[in-house]
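S.K.: Predicted coordinates and the sequence they were generated for:
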Amino acid sequence: MQIYLVGGAVRDKLLGLAVKDRDWLVVGATPQELLAQGYQQVGKDFPVFLHPDSKEEYALARTERKNGAGYTGFICDFSPHISLEEDLLRRDLTINAIAQDAQGELHDPYHGISDLNQRILRHVSPAFAEDPLRVLRVARFAARYHHLGFRIAEETFALMKQITRSGELRHLTPERVWQETEKALNERHPEIYFETLRQIGALAVLFPEIDALYGVPNPVTYHPEVDSFVHSMLVLQQAVRLTEAEDCHKSAVRFAAVCHDLGKALTPKDILPHHYGHEKAGVEPVRRLSRRLTVPSYIKELAELTCEYHSHIHKAFALRPDTIVELFNKLDIWRKPQRTRELMLVCLADTRGRTGFEQAAYPQPDFLWALYQAALAVNVKDIIAEGFEKQAIRTELNRRRINVIKAKRAEILPHFTENTTN
């Protein structure tokens, strides 16, 4: 029995990056042998075991043979006769097909170290095409290592296009598509994930609502980048920068950044490049996309609210006190202030996600937050104690909040607007 460190731990160590998780490969052993040594089996489709002490994953060497559609249609052979080279051959990229033995010696039969040095994402073998999920994985690795100068090899890029044209992507379960997408959203350059999928045609298959933004123009005065898809990717870039420094739900903010302008793809061509009513129009595409991908409810809700109300935040200084209270009620800021803060974070990313506006001032969130803090002084218990009942309680609560916000707005509005052009 021989044990090797494999996969991401070897790859990232060679790149000089922090190693988060370690995966181990066992060659020349049977499940019974590992169980006898105290390992705990956890894999269902093929034997994966937890080490009795470290609890790290140890997988038996295996080969895979395609026998059906999608990424689950495989027959696995994990007999003790499977060699290290045979196991590494089934892996997706050469940079993930490097092993290190107990003596520290590297085993690199498919030249992954050379591709690491050349910053190339290259598939190991033609078997890459048998698993459509690898299209998303490569796009995600492109997003992860973009800052290091990695690019997808031409032959791998062509193979990803071929897989997309074959229709295999349609066999992926929504859960797996979302799982890869959420991982990509948390990479340093998630916009590369979506751009890569667009270039190979996969965005149109899996994310048609996002793909539809490509080629849809905006007024050049406000959007020098013009294209709505390009703008959405710039907003995503800004969302990444902002969420790295904030205590927030990163996946939710970044997904909302991608989805905030989906309504622009539905704008009638005769009024382009203007997009009147795109906010409300975009809610249904966001819901449809989220439903199809089984997006978690919190992430879905933030994306929907951002889509519908981001322009309200942009126009905060022009909103009447009653409109502000109505907005706060719809956002449920009273019970979910953190979610509203995250929505405002997307709005800041939206403002700065335009060519030439990357450092734009955006005081609207601070302005609205000050009004919210003032409105918190209104106590519903006082209203009930005064004898108001049922619907009258809500009516009186709104009235008092409007009055408080009206006074606070008059006090602070000049401070927020005197030096801003937003």
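M.R.: Thanks, I have the structure now. Numbers count the residues shown, from 1 in each chain.

S.K.: distance between the ends of stretch 137-154?
M.R.: 16 Å (Cα to Cα, to the nearest Å).

S.K.: Residues touching it, excluding its own?
M.R.: Here stretch 137-154 makes contact (Cβ atoms under 8 Å, 6 or more residues apart in numbering) with 15, 92-93, 115, 119-123, 156, 160, 180, 183-184, 187-193, 196-197, 202. Yep, even glycine has a C-beta here, placed from its N, CA and C like the rest.

S.K.: From Phe128, how far off is the most centrally placed residue in the chain?
M.R.: Computing the C-alpha centroid of the chain and ranking residues by Cα atoms, centre = their mean puts Leu185 first, at 2.5 Å. Separation of Leu185 from Phe128 (Cβ to Cβ, to the nearest Å): 24 Å.

S.K.: Buried ones only from the contacts of stretch 137-154, please, as a PyMOL command.
M.R.: The following PyMOL line selects those of those that are buried, judged by 16 or more other Cβ atoms under 10 Å:
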select buried, resi 15+92+93+115+120+121+122+123+156+160+180+183+184+187+189+190+191+192+193+196+197+202
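
S.K.: I'd like to know which of the contacts of stretch 137-154 are part of helices.
M.R.: 115, 156, 160, 180, 183-184, 190-193, 196-197, 202 (DSSP state H).

S.K.: ok, back up a step: please name the nearest non-neighbouring residue to the residue nearest to the centre of the chain.
M.R.: Spatial nearest neighbour of Leu185, excluding adjacent residues (Cβ to Cβ, 6 or more residues apart in numbering): Arg254 at 4.5 Å.

S.K.: distance of that neighbour from Val138?
M.R.: 20 Å.

S.K.: likewise Asp247?
M.R.: The gap separating Asp247 from Val138 is 32 Å, by Cβ to Cβ.

S.K.: care to break the protein down by domain?
M.R.: 1-113, 208-417 (automatic domain parsing).

S.K.: And these: which comes nearest Leu169?
M.R.: Closest approach to Leu169 among the domains of the chain (Cβ to Cβ): domain 1-113, 9.2 Å.

S.K.: What is the end-to-end distance of stretch 248-268?
M.R.: In stretch 248-268, first residue to last residue: 36 Å (Cα to Cα).

S.K.: Please apply the same query to stretch 273-292.
M.R.: Stretch 273-292 has an end-to-end distance of 29 Å (Cα to Cα).

S.K.: What of stretch 211-229?
M.R.: In stretch 211-229, first residue to last residue: 7 Å (Cα to Cα).

S.K.: Give me the buried positions along it.
M.R.: Of all the residues in stretch 211-229, those buried under the rule 16+ other Cβ under 10 Å are Asp211, Ala212, Leu213, Tyr214, Val216, Asn218, His223, Glu225, Asp227, Ser228, Phe229.

S.K.: Need the max-distance pair from the residues you listed.
M.R.: For those, the maximum inter-member distance is 18.9 Å, found between Asp211 and His223 (Cβ to Cβ).

S.K.: residues touching the closest residue to Ala29 other than its chain neighbours, list them.
M.R.: Nearest non-adjacent residue to Ala29, counting by Cβ to Cβ, 6+ apart: Met1, 4.3 Å away. Met1 is in contact with Val26, Val27, Gly28, Ala29, Glu33, counting by Cβ under 8 Å, 6+ apart.

S.K.: what helix or strand is the fourth one on?
M.R.: Ala29 is part of no helix or strand, with elements assigned from DSSP states H and E.

S.K.: Now for it, how many residues are close by?
M.R.: 20 (other Cβ atoms under 10 Å).

S.K.: just the one 10 residues further on next, same as before
M.R.: When neighbours are counted by other Cβ under 10 Å, Tyr39 registers 19.

S.K.: what's the answer for His147, then?
M.R.: 11.

S.K.: which SS state does Phe273 fall under?
M.R.: I think there's a mix-up here, since residue 273 is Pro and not Phe. Under DSSP: H, G, I helix; E, B strand; the rest coil, Pro273 falls in the coil class.

S.K.: which regions of this structure sit below the pLDDT cut-off?
M.R.: Along the chain, segments meeting pLDDT under 70 span 44-45, 66-74, 419-422.

S.K.: Now with 50, please.
M.R.: Within the chain, the segments meeting pLDDT under 50 span 421-422.

S.K.: Which parts of the protein are strands?
M.R.: 2-6, 23-27, 40-41, 48-50, 57-60, 63-66, 74-77, 99-100, 106-107, 120-121, 151-152 (DSSP state E).

S.K.: and the second one, what other elements does it pack with?
M.R.: The criterion is 3 or more Cβ pairs under 8 Å, 6 or more residues apart in numbering; DSSP states H and E, and the helices and strands that strand 23-27 contacts are strand 2-6, strand 57-60, helix 84-89.

S.K.: what's next to it, contact-wise?
M.R.: So strand 23-27 is contacted by 1-9, 34, 49, 51, 56-61, 82-84, 87, 99 (Cβ under 8 Å, 6+ apart).

S.K.: Now with 7 Å, please.
M.R.: With contacts defined as Cβ atoms under 7 Å, 6 or more residues apart in numbering, strand 23-27 is touched by 1-7, 9, 34, 56-61, 83-84, 87, 99.

S.K.: Check stretch 106-119 too.
M.R.: Stretch 106-119 has contacts (Cβ under 7 Å, 6+ apart) with 4, 14-15, 84-85, 88, 94-95, 97-101, 122, 124, 148-151.

S.K.: so His314 makes contact with Leu348?
M.R.: No: look at His314 against Leu348 with Cβ atoms under 7 Å: they stay out of range, at 10.1 Å.

S.K.: Which one's more surrounded, the two?
M.R.: Set His314 next to Leu348 and count neighbours by other Cβ under 10 Å: Leu348 wins out with 18 against 15.

S.K.: and the more buried one, how far is that from Lys381?
M.R.: 35 Å.

S.K.: from memory Phe128 sits against Leu159, does it?
M.R.: Yes: if you go by Cβ under 7 Å, Phe128 and Leu159 touch, sitting 6.1 Å apart.

S.K.: Pull up the overlap in contacts between these two.
M.R.: By Cβ under 7 Å, 6+ apart, no residue touches both Phe128 and Leu159.

S.K.: and of the strands of the chain, who's closest to Pro285?
M.R.: Of all these, it is strand 151-152 that lies closest to Pro285, at 28.6 Å by Cβ to Cβ.
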